[in-house]
Each structure stands twice: as C-alpha cells, then as structure tokens.
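Engineer: next one to model:
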Amino acid sequence: MPKRHCLTLELKDDPALISEYKRYHQKIWPDIEESIKAAGIADMEIYLLGTRLFMVMEVDEHFSFEAKAKADRNNPKVREWEQLMSKFQKPLPQAKPGEKWQLMERIFKLGA
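Structural biologist: Next up, the predicted model:
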C-alpha cells in the first residue's frame with residue numbers, strides 16, 4: 001500500500017519568478033522525472049497558493065528520503081535542476097541550512 005508524504009516550501013515573492021517556476025513544472029526535464037520514479041515515488045503533485053508550495057507524494061515501500069537524497073547528490077542533472085530551482089525557492093524559517101522542502105505533520109484525517 002502506498003504511503004503519502006506532504007511537504008511545503010516557499011517561493012520568492014516575485015510574480016515573474018513564480019510564473020517562470022510554473023512553466024518549468026509544466027514540463028519538467030525527463031531526467032528529473034526518471035529520478036523521481038526511480039526513487040520509488042509513484043505519484044507527485046505540487047500545488048501553489050501565493051508563494052506557498054504544497055507537495056503530495058505517494059511512495060512505494062522501497063522509498064526513503066535518505067536514499068533519494070543520496071541518489072540526487074550523485075546525479076548531475078538533478079543537481080543542475082536543484083540549482084536552477086533555488087533561483088525561485090525561499091527556505092522556510094524552520095529549515096536547516098541547505099534544506100528546502102519541509103515535511104508536514106498530518107493533524108487530521110477523516111474517519112481516523
């Protein structure tokens with residue numbers, strides 16, 4: 001059974017940058033899509049409200065954040081993509097140096 005992770009991140013408050021960020025995500029690079037799937041991420045969606053991004057990931061039983069981070073560090077295309085995305089992204093106050101996306105805590109589930 002897939003597991004769901006929800007993460008959040010902030011974009012810089014610049015309408016032109018936000019528009020450009022959206023364009024990149026309307027057609028991500030094939031290498032990036034391949035790296036996402038290879039990590040065990042079965043589905044991923046990103047939502048935007050103002051400058052706040054919200055990501056929903058459905059992952060398989062083999063997925064781990066640590067393994068994904070290691071694979072990303074060893075993939076030149078992912079490093080290039082992440083460097084490009086840092087032009088648009090602004091870490092949240094809770095982020096440690098070098099962190100971007102922050103894992104969110106689920107506080108409600110209907111029927112739970």
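Engineer: give the next helix or strand downstream of the longest helix seen in the chain.
Structural biologist: Ranked by number of residues, the top helix in the chain under DSSP state H is helix 15-26. Toward the C-terminus, helix 15-26 is succeeded by helix 30-38 as the next helix or strand (DSSP states H and E).
Engineer: pull the residues that contact that next one.
Structural biologist: Helix 30-38 has contacts (Cβ atoms under 8 Å, 6 or more residues apart in numbering) with 44, 71-72, 75, 77-78, 81. The way it works is simple: take the backbone N, C-alpha and C, and place the C-beta from them, glycine included.
Engineer: below-threshold pLDDT in the protein: ranges please.
Structural biologist: 1 (pLDDT under 70).
Engineer: follow-up on the earlier one: neighbour count, distance to residue 36 and secondary structure added to the contacts of helix 30-38, as CSV?
Structural biologist: Shown next, in CSV, are the contacts of helix 30-38 (neighbours: other Cβ atoms under 10 Å; distance: Cβ to Cβ, whole Å; DSSP: H, G, I helix; E, B strand; the rest coil):
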residue, neighbour count, distance to residue 36, secondary structure
44, 16, 6, strand
71, 13, 10, helix
72, 17, 10, helix
75, 17, 11, coil
77, 14, 12, helix
78, 19, 9, helix
81, 18, 11, helix
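Engineer: thinking again about what came up before, the longest helix of the chain vs helix 30-38, what angle?
Structural biologist: Here helix 15-26 runs at 60 degrees with respect to helix 30-38, directions being taken by axes from the mean of the first three to the mean of the last three Cα atoms, to 10 degrees.
Engineer: report all helices and strands that helix 15-26 contacts.
Structural biologist: Packing contacts for helix 15-26, counted by 3 or more Cβ pairs under 8 Å, 6 or more residues apart in numbering; DSSP states H and E, involve strand 3-11, strand 41-49, helix 76-85.
Engineer: 7 Å - rerun?
Structural biologist: Here helix 15-26 touches strand 3-11, going by 3 or more Cβ pairs under 7 Å, 6 or more residues apart in numbering; DSSP states H and E.
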